[in-house]
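J.: Here you go, sequence then predicted model.
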Amino acid sequence: MTKLSVNINKIATIRNARGGNNPNVTQIAIDAELFGAQGITVHPRPDERHITKEDVFNLKEVVTTELNIEGYPDDRFMELVGTIMPQQATLVPDPPNVLTSNAGWDTVARANELRPIISKLKKLGIRTSIFVAPDLQMIKGASEIGTDRIELYTEGYANSYLKNKEAGIAPYVKAAELAENIGLGVNAGHDLDLKNLPYFSKNIPFLDEVSIGHALISDALYFGLEDTIHKYLNALK
């Protein structure tokens, strides 16, 4: 079964809006796992506008499933990941000033930059995943630089789901099949929600993991965190 990793960045965003420790990011992670989440994802940005460095250290002490730290692999990120030693590090190509991840890596043009980074993480025993668009050339490039998994950037699928879901899913199916055939694990994330996730999961049955934050936390405002996590787990079945 595909694992659900809950991205708790938005919890930290709400907390930071007022200061203090309400809502408690660490407790939310504990509760999310208690309610069935099989992983916790964080994206600690340099400006700490949501998840802070302190949060990451606190989460290391309490997460019992899988901690996935994602971010741009600059010196700051690599030092943090090397200290925390999460189960997975997901490399995203967004520089510090962007609002949210909005593109996949060019694994061909930036191969020489990415290869030693991935090698270093793997030597530490950290599973590596790299954010890519459903582009077959980029997926082949990901394999050549040594990553363990790809994370398919699913905004394109999400945008096309209501218009033409068959056309929207097609490049992702081809991308995932190629990844599977060349020995890469397949993760996915960005704009997946309760409406579009079941169809995505059904068409990519060997999907290892989805990382979902914004939609899941938004749904929790209506359904509560426990029921929301159950709904997402059911959507993956």
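T.: Happy to help now that I have it.
J.: Could you pull out the strands in the protein for me?
T.: Secondary structure of the chain (DSSP state E): strands at 3-7, 39-42, 67-71, 88-91, 127-132, 149-153, 185-189, 209-212.
J.: Can you name every helix or strand that the first one contacts?
T.: Contacts of strand 3-7 with other secondary structure elements, assessed using 3 or more C-beta pairs under 8 Å, 6 or more residues apart in numbering; DSSP states H and E, are made with strand 39-42, strand 209-212, helix 214-223, helix 225-235. Where you see a C-beta, it was placed from the backbone N, CA and C, and this is true even at glycine.
J.: Just the angle for the third one relative to strand 3-7, thanks.
T.: In terms of direction (axes from the mean of the first three to the mean of the last three C-alpha atoms, to 10 degrees), helix 214-223 departs from strand 3-7 by 80 degrees.
J.: OK, contacts around the most centrally placed residue in the chain?
T.: The structure's the chain has its C-alpha centroid closest to Ser211; by C-alpha atoms, centre = their mean the separation is 4.1 Å. Contact analysis of Ser211 by C-beta atoms under 8 Å, 6 or more residues apart in numbering lists 5-7, 39, 41, 68, 70, 90, 151, 187-189.
J.: which non-adjacent residue is nearest it?
T.: Spatial nearest neighbour of Ser211, excluding adjacent residues (C-beta to C-beta, 6 or more residues apart in numbering): Gly189 at 3.9 Å.
J.: So what's the residue count around Met85?
T.: 13 (other C-beta atoms under 10 Å).
J.: I figured it was touching Lys123, is that so?
T.: No - the pair Met85 / Lys123 is not scored as a contact, 11.9 Å apart, by C-beta atoms under 8 Å.
J.: Stretch 196-208 spans what distance, first to last residue?
T.: Using C-alpha to C-alpha, to the nearest Å, the end-to-end distance of stretch 196-208 comes to 17 Å.
J.: Buried residues, that stretch. List them.
T.: Of all the residues in stretch 196-208, those buried under the rule 16 or more other C-beta atoms under 10 Å are 196-197, 199-201, 203-204, 207-208.
J.: Any chance of JSON lines for these, columns pLDDT?
T.: Shown next, in JSON lines, are the buried residues of stretch 196-208 (pLDDT from 0 to 100):
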{"residue": "Asn196", "pLDDT": "98"}
{"residue": "Leu197", "pLDDT": "98"}
{"residue": "Tyr199", "pLDDT": "98"}
{"residue": "Phe200", "pLDDT": "98"}
{"residue": "Ser201", "pLDDT": "97"}
{"residue": "Asn203", "pLDDT": "97"}
{"residue": "Ile204", "pLDDT": "95"}
{"residue": "Leu207", "pLDDT": "97"}
{"residue": "Asp208", "pLDDT": "98"}
